[in-house]
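**Q** take this sequence and fold it.
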Amino acid sequence: MNKNEIISILKDLGRRPNKGLGQNFLIDKNILGKIVTTSEIKKGDRVLEIGPGLGVLTEALLESGAQLTVIEKDKVLADRLSQQRPPRQRGIITQSAIRGICADAAKSDFDDLMGAKPWKFVSNLPYSITSLALRKALYAKNPPTLLIALIQKEVAERILAEDKKEKMSLLALMSHLACAEIKIIHRVSPTSFYPEPKVDSAIIKMVPLSAKDRLKKWGIDPEAVMKVAKLGFSHPRKLLGRNLGIKTEAWEEITTKLHINPKARAEELTAKEWVELAKCLNLD
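**A** Residues are numbered from 1 along each chain as shown. Purely as a prediction, here's the structure:
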């Protein structure tokens, strides 16, 4: 869909883009193509899409042969999606290829929706739900085999932080603990959307690890690491030792053992250092 088509559809629905729901509709066919290509959809692949809106990405995924589950919070748009027949291409798409759910993705259980069989997560995510949606997908009992999301560029770049040259964040740490690969595929201009957001976006690719593989890789449940990290990031400007409530002498002993700066702040530790710190504190 182009900008004029989206404006026309919204007018017919008596609606305007909802800022509260982060409704910025993708209008760039080139970006749409990059998302679908990177998703490597094969006929019959089970895919979860959050915030399908007017179904621009939805149609492209269906045309690739996906068995699609979509979660849309906006009831008017959800009803429109349910009333649409999926596009047909070479006769491979039927109405049963899409399952539309009117719900708040923030409150939805991805395991209940997708079950135990392999699935993929492909979405143009509303900015307000980015962190929560990624966490729910990456830490599902059965995480997706591949996660492709169009998100705010600054957030994507922070997620990639993995050494002391970059500032770590809770989202970045959570992501690196849960993934075998994280990569920015393409930067996306605001002009690729209607209405145009005030920030640039990016397509991010993440290859999640299973719970078993996460434990094998790190030697500790990442959830245990995150419990320590949440305390460490509770007051970002304060020194890490103070946030963790560890007495000076004990903290100096721990940091010496782990070769960590005793005056470090939470954002200065790498994922590996967070893992070693959690193991040292025996909170797993």
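
**Q** quick check: residue 122 is in a helix.
**A** No. Residue 122: not assigned to a helix; according to DSSP: H, G, I helix; E, B strand; the rest coil it is strand.

**Q** distance check, the closest residue to residue 169 other than its chain neighbours against residue 182.
**A** Using C-beta to C-beta, 6 or more residues apart in numbering and skipping the chain neighbours, the partner closest in space to residue 169 is residue 158 (5.1 Å). Heads up, the C-betas are built off the backbone N, CA and C, glycines and all. Per C-beta to C-beta, to the nearest Å, residue 158 is found 11 Å from residue 182.

**Q** ok, residue 36 next?
**A** In terms of C-beta to C-beta, residue 36 sits 20 Å off from residue 182.

**Q** so which residues of the chain form strands?
**A** 25-26, 46-50, 67-72, 98-102, 120-124, 146-152, 179-188, 193-194, 201-208 (DSSP state E).

**Q** among those strands, which comes closest to residue 261?
**A** strand 179-188 (25.3 Å; C-beta to C-beta).

**Q** that closest one pairs with which strands, and in what direction?
**A** Take DSSP bridges as the rule and strand 179-188 pairs in its sheet with strand 201-208 (antiparallel).

**Q** the strand it pairs with vs strand 146-152, what angle?
**A** Counting by axes from the mean of the first three to the mean of the last three C-alpha atoms, to 10 degrees, strand 201-208 points 150 degrees away from the direction of strand 146-152.

**Q** mind listing residues that contact strand 201-208?
**A** Under the criterion C-beta atoms under 8 Å, 6 or more residues apart in numbering, residues 31, 34-35, 38, 134, 137-138, 143-153, 156-157, 159, 175, 178-190, 192-193 lie in contact with strand 201-208.

**Q** just the buried members of those residues?
**A** With burial judged by 16 or more other C-beta atoms under 10 Å, the buried subset of these is 31, 34-35, 38, 134, 137-138, 143-144, 146-153, 156-157, 159, 175, 178-179, 182, 185, 188, 192-193.

**Q** how far does stretch 103-114 stretch from start to finish?
**A** 15 Å (C-alpha to C-alpha, to the nearest Å).

**Q** residue contacts, the residue nearest to residue 169?
**A** So residue 158 contacts 166-167, 169, 171-172 (C-beta under 8 Å, 6+ apart).

**Q** pull the most distant pair out of those residues.
**A** Applying C-beta to C-beta across the contacts of residue 158, the maximum distance is between 166 and 171, 12.7 Å.

**Q** where does pLDDT dip in the stretch 1-150 of the chain?
**A** Counting by pLDDT under 70, the stretch 1-150 of the chain has low-confidence residues at 84-96.
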